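[1] Starting from these lines, generate the structure:
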Amino acid sequence: MAIAENRSAPVPPFWSATSRVRVRTLIVLRWLAVLGQTTAVLFVRFGLNVDFPLGWALAAIGVSVALNVALTFMRRAQELALEWEAAAQLAYDVVQLAVLLALTGGLQNPFVFLFVAPVAVSATVLRPAVTAMLATLTFACVGAISVLRLPLPWPEGAAPFNLPPLYQLGIAAAVLVGLGFTSVYAWRVAAEEERLNIALAAVQAVLAREQTLSALGGLAAAAAHELGTPLATIHLVAKEMARDMKPDDPRAEDVQLLVAQSERCRAILGQLSAMRERGDVMVQRAPIRLLLEEIAAPHEGLGAEIVITTEGDGPLDVKRMPEIVHALGGIVENAVGFARTRVDIEARWTAETVEITVRDDGPGFAPAILGRLGEPYLTERDHEGVAGGLGLGFFISKTLLERTGAKLDVRNRRPPNQGAVVKTMWPRTSIEAPTL
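    Modelled structure (predicted):
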């Protein structure tokens, strides 16, 4: 079941790589920052009547306004920003915030924690190396405003407010720790989302392929219906030629062959048409053992013996769903790949449930990843050779089976036996084919 994953594709250069953020998003975020900064400085100056260099603060905010206006006219809003461009804009946001904080108290300003925002955005849309450079710039700015700053704006007549140096050092440490934690968390969330999107796209592609193959029977039946009329004409003309032709005519044998072959074609097309009229019932249903044999057939003779057993209350015909065929085929493929000598495929059913269990005698699942099976892009094997994660393949199989109403139970065999066990369970009504 393991699907080959090519994850070593060349990384484009920093100056030409495209980020995962649109120009419009960066502009909107900066407008929000401008709105918040303007509201804060005007409220402090006129609402609280606190004196500080308002002109310089508004000038720093005005640069952001000018940058946004320029970007609005120079770039298409829906374009993805180049990576260097997004990094440069976020670096500007860090420096602009540092200037504004330096004018209003440095580390003593409670808005110092806003340094986290640009780096968190970078962690979600840019490469880790770029985010690391932006975090380094932020560290430098935090250090700079701890020394190069104006006093914290404070109401006139009140005693000057100055935090102890040790407390300011604690604030700086808190900002840096929060920066690191938030960045790593945002990066992990973004990476998992990207992997999940890729995996889901693969699931959709696999399902579309299986559904296309299933639809070929219907297309063949439709073609048979369309070919029926001209073939009937050919058959009729051939029979008339055979009836009018003398027995000693040298062409008589060829005409008889033409009649026989046209009758054979009519029989084949008749079967296809009948299949279509019955809604492709024979294609969409199968006895459960026949379905398991179909699933196992591509993997026989690859080193491990495949043994199929069935046990249940009476005969059982199941829906031949593409999701089940592909997903169980992937599980069997993985079992054959890890098995030493034998793979057992066992089907059991009652009046309420249907269970299909795939069991091998290989090394089993690595304990470290047993609880994480079903996540995309787990490692293929651990260093000791124990069966590790099944990568994208198991994620696809699990997703497809769950879409059919199944539940999966994945575990290792109990000692002294070795090997992995994957049990798939359905309510019988979810998988049983309707009665003909």
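[2] Correct me if wrong: residue 143 contacts residue 172.
    Yes: using C-beta atoms under 8 Å, residue 143 is in contact with residue 172, at 7.4 Å. Placement of C-beta: from N, CA and C, glycine included.
[3] Neighbour count for the two, which is higher?
    Neighbour comparison, residue 143 and residue 172: the larger count goes to residue 172, with 18 against 13 (by other C-beta atoms under 10 Å).
[4] for the more buried one, phi and psi?
    Backbone torsions of residue 172, given as degrees, to the nearest 10, read phi -60, psi -40.
[5] For residue 143 and residue 172, list the residues in contact with both.
    Residues touching both residue 143 and residue 172 (C-beta atoms under 8 Å, 6 or more residues apart in numbering): none.
[6] What's the local residue count around residue 39?
    Using other C-beta under 10 Å, residue 39 has 11 other residues around it.
[7] residues of the helix or strand containing residue 397 that come out buried?
    Taking DSSP states H and E as the criterion, residue 397 maps to helix 391-403. For helix 391-403, burial by neighbour count (16 or more other C-beta atoms under 10 Å) applies to 391, 392, 393, 394, 395, 396, 397, 398, 399, 400, 401.
[8] Mind giving me the packing neighbours of the very next helix or strand once past it?
    Using DSSP H and E, the helix or strand that follows helix 391-403 towards the C-terminus is strand 407-412. With contacts taken as 3 or more C-beta pairs under 8 Å, 6 or more residues apart in numbering; DSSP states H and E, strand 407-412 sits against helix 367-370, helix 391-403, strand 420-427.
[9] Please list the residues outside the last one that contact it.
    Going back to what we said before, that points to strand 420-427. Contact with strand 420-427 is made by 328, 331, 335, 338, 352-360, 362, 364-365, 387, 401, 404-413, as judged by C-beta under 8 Å, 6+ apart.
[10] Selecting buried members of those residues in ChimeraX, what would you type?
    Selecting only the buried entries of those in ChimeraX, with 16+ other C-beta under 10 Å as the criterion:
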select :328,331,335,338,353,354,355,356,357,358,359,360,362,364,365,387,401,404,406,408,410,412
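[11] CA atoms only for the strand or helix carrying residue 27, dumped as PDB, please.
    In the assignment (DSSP H and E), residue 27 maps to helix 23-42. Output in PDB follows, covering the C-alpha atoms of helix 23-42 (Å, rounded to 0.1, in the frame of the first residue of the first chain):
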ATOM      1  CA  VAL A  23      -0.500  40.500  -2.000                       C
ATOM      2  CA  ARG A  24      -4.000  41.500  -0.900                       C
ATOM      3  CA  THR A  25      -3.700  39.700   2.400                       C
ATOM      4  CA  LEU A  26      -0.500  41.500   3.300                       C
ATOM      5  CA  ILE A  27      -2.100  44.800   2.400                       C
ATOM      6  CA  VAL A  28      -5.200  44.100   4.400                       C
ATOM      7  CA  LEU A  29      -3.100  43.100   7.500                       C
ATOM      8  CA  ARG A  30      -1.100  46.300   7.200                       C
ATOM      9  CA  TRP A  31      -4.300  48.400   7.000                       C
ATOM     10  CA  LEU A  32      -5.500  46.700  10.200                       C
ATOM     11  CA  ALA A  33      -2.200  47.600  11.800                       C
ATOM     12  CA  VAL A  34      -2.400  51.200  10.600                       C
ATOM     13  CA  LEU A  35      -5.900  51.500  12.000                       C
ATOM     14  CA  GLY A  36      -4.900  50.000  15.400                       C
ATOM     15  CA  GLN A  37      -1.800  52.100  15.600                       C
ATOM     16  CA  THR A  38      -3.500  55.400  14.700                       C
ATOM     17  CA  THR A  39      -6.400  54.700  17.100                       C
ATOM     18  CA  ALA A  40      -3.900  54.000  19.900                       C
ATOM     19  CA  VAL A  41      -1.700  57.000  19.500                       C
ATOM     20  CA  LEU A  42      -4.600  59.500  19.000                       C
END
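[12] Tell me the buried residues in the helix or strand that comes right after that helix?
    Toward the C-terminus, helix 23-42 is succeeded by helix 54-74 as the next helix or strand (DSSP H and E). Across helix 54-74, burial judged by 16+ other C-beta under 10 Å covers 54, 57, 58, 60, 61, 64, 67, 68, 71.
[13] one step back: so the helix holding residue 27 versus helix 54-74, what angle?
    Orientation check (axes from the mean of the first three to the mean of the last three C-alpha atoms, to 10 degrees): helix 23-42 against helix 54-74 gives 160 degrees.
[14] I'd assumed residue 23 was in contact with residue 77.
    Yes: Residue 77 is within contact range of residue 23, at 5.9 Å (criterion: C-beta under 8 Å).
[15] more neighbours, these two?
    Per other C-beta under 10 Å, whichever of residue 77 and residue 23 has more neighbours is residue 23, with 22 against 12.
[16] ok, that one - contacts?
    Here residue 23 is in contact with 71, 75, 76, 77, 78, 79, 80, 81, 85 (C-beta under 8 Å, 6+ apart).
[17] Most neighbours out of those residues, which is it?
    When neighbours are counted by other C-beta under 10 Å, residue 81 leads those with 25 neighbours.
[18] Pull the residues that contact stretch 102-117.
    33, 40-41, 44, 52-53, 56-57, 60, 93-94, 97-98, 101, 138, 141-142, 144-153, 161-163, 168, 171-172, 174-175, 178-179, 182.
[19] mind checking the end-to-end distance for that stretch?
    The first residue of stretch 102-117 is 18 Å away from its last residue (C-alpha to C-alpha, to the nearest Å).
[20] 397 is where my numbering starts, stick with that
    Sure thing, new numbering starts at 397, so read that last one as stretch 498-513.
[21] Just the buried residues of it, please?
    For stretch 498-513, burial by neighbour count (16+ other C-beta under 10 Å) applies to 498-505, 508, 510-513.
[22] Then stretch 825-832?
    Using 16+ other C-beta under 10 Å as the test for burial, stretch 825-832 gives 827, 828, 829.
[23] shaky segments in the stretch 497-646 of the chain?
    Scanning the stretch 497-646 of the chain for pLDDT under 70 picks out 553-556, 595, 598-599, 602-618, 620-621.
[24] and if we set it to 80?
    Applying pLDDT under 80 to the stretch 497-646 of the chain flags residues 550-559, 586-625, 627-628, 631, 638-646.
[25] Same list, the buried residues of stretch 825-832, but as TSV with distance to residue 523 and secondary structure please.
    Formatted as TSV, these follow (distance: C-beta to C-beta, whole Å; DSSP: H, G, I helix; E, B strand; the rest coil):
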residue	distance to residue 523	secondary structure
827	45	helix
828	50	strand
829	51	coil
